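> I'd like to go over a predicted model; first the sequence, then the structure.
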Amino acid sequence: MKVILVRHAETEWNTRGIIQGREDSALTKHGQCQTAALLQAFAENGYEAESVYASPLGRTWNMGQVLAKHFRCSLVAEATLKEQAFGQLEGMSAEQFKKNHQDEANALFELDAEYCPPGGESLTQASRRIIDFLINLEKSGHYNAVCIVSHGHVSQGVLASLCDGNIDQFARYAHPNASYSVFDIKNGRCETIRWGIATHLRHLKC
């Protein structure tokens, strides 16, 4: 089963450096331009999907609606695709968190996938639920190709786990807004992965 993993477009909180997690904020005008560029890239490269599964949070659901229309396929809300839960950190400035809690911030964003924010979940936990969802979807045998719309931080954990066989180097798997990754899952194993594709965003003028 081919998987196209998409991150949502830029939001207001992305531009302000605010930790979103399970909270939400509106797309920016630049985010709308990113979405249009992504659709053009998919059309030019001939990507197809038989269904779109999206995190039900507003920023991902919006992208899911656009992609389902583009692919002319069904759209399914899937709670397991939500961003890592950051608990008490949600709505907080990432810069302020780093300033006041440097060790914890380094653990969360760069070093320790087992770090669990107060009232939240670890990146390992969040990534595992998405990987389990993908493996079960492949086992069902319903699709040859699907599009998955999720979030930035948890996508890093998923990609590290799939590429390296472990999550330790998650920080290197950047997944910018409106970028995508493509990989195959066969018999529960990942093959032929391309990650963090963002060439379609290089020359945006809005």
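Sure thing, it's come through. Numbers count the residues shown, from 1 in each chain.

> which residues does the longest strand seen in the chain contact?
Identified as the longest strand of the chain according to DSSP state E is strand 189-197. The contact list for strand 189-197, computed with Cβ atoms under 8 Å, 6 or more residues apart in numbering, reads 159, 162-163, 173-176, 179-185. Any C-beta I mention is one placed from the backbone N, CA and C, and that applies to glycine too.

> and with 10 Å instead?
2-7, 38, 41, 45, 131, 134-135, 138, 155-156, 158-163, 165, 172-176, 179-186 (Cβ atoms under 10 Å, 6 or more residues apart in numbering).

> quick one, which of these are buried?
Burial by neighbour count, 16 or more other Cβ atoms under 10 Å: within the contacts of strand 189-197 this picks out 2-7, 38, 41, 131, 134-135, 138, 155-156, 158-163, 173, 175-176, 179-183, 185.

> which non-adjacent residue is nearest the spatially most central residue of the chain?
Compute the mean C-alpha point of the chain, and by Cα atoms, centre = their mean the closest residue is H151, 3.0 Å away. With Cβ to Cβ, 6 or more residues apart in numbering as the criterion, H151 has its nearest non-adjacent residue at 3.6 Å, and that residue is E83.

> residues touching that neighbour, list them.
Counting by Cβ under 10 Å, 6+ apart, E83 touches 8, 19-24, 55, 57, 59-60, 90, 126, 150-155.

> quick one: strands adjacent to the longest strand of the chain?
Using DSSP bridges, strand 189-197 pairs in its sheet with strand 180-186 (antiparallel).

> picking that back up, which residues touch the residue nearest to the centre of the chain?
By Cβ under 10 Å, 6+ apart, the contact list for H151 reads 7-8, 20-22, 55, 57, 59-60, 81-84, 126, 130, 175.

> that older thread, buried set for the longest strand of the chain?
Buried, per 16+ other Cβ under 10 Å, within strand 189-197: C190, W195, G196, I197.

> narrow the contacts of strand 189-197 to those in strands?
Among the contacts of strand 189-197, the members found in strands (DSSP E) are 2-7, 180-186.

> check the spacing between S155 and I130 real quick.
Note on S155: its distance to I130, by Cβ to Cβ, to the nearest Å, is 8 Å.

> how about the residue of the chain most remote from its centre, phi and psi?
Farthest-out residue of the chain from its mean C-alpha position, per Cα atoms, centre = their mean: N100, at 27.1 Å. Dihedral angles of N100 (phi, psi; degrees, to the nearest 10) stand at phi -90, psi -20.

> what's the pLDDT at it?
N100 carries a pLDDT value of 94.

> contacts only, for it.
Counting by Cβ under 10 Å, 6+ apart, N100 makes contact with M92, S93.

> what does I19 give?
Counting by Cβ under 10 Å, 6+ apart, I19 has contacts 13, 83-84, 86-94, 96-97, 108-109, 117, 153.

> show the buried residues in those.
Applying 16+ other Cβ under 10 Å to these flags 13, 83-84, 86, 89-90, 92, 94, 97, 108-109, 117, 153 as buried.

> distance of G21 relative to K186?
From G21 to K186 the distance is 32 Å (Cβ to Cβ).

> how far away from the center of its chain is stretch 119-134?
Average the C-alpha atoms of stretch 119-134, do the same for its chain, and the two points are 12 Å apart (Cα atoms, centre = their mean, to the nearest Å).

> if anything else comes up later, I'll come back, but that's it for now.
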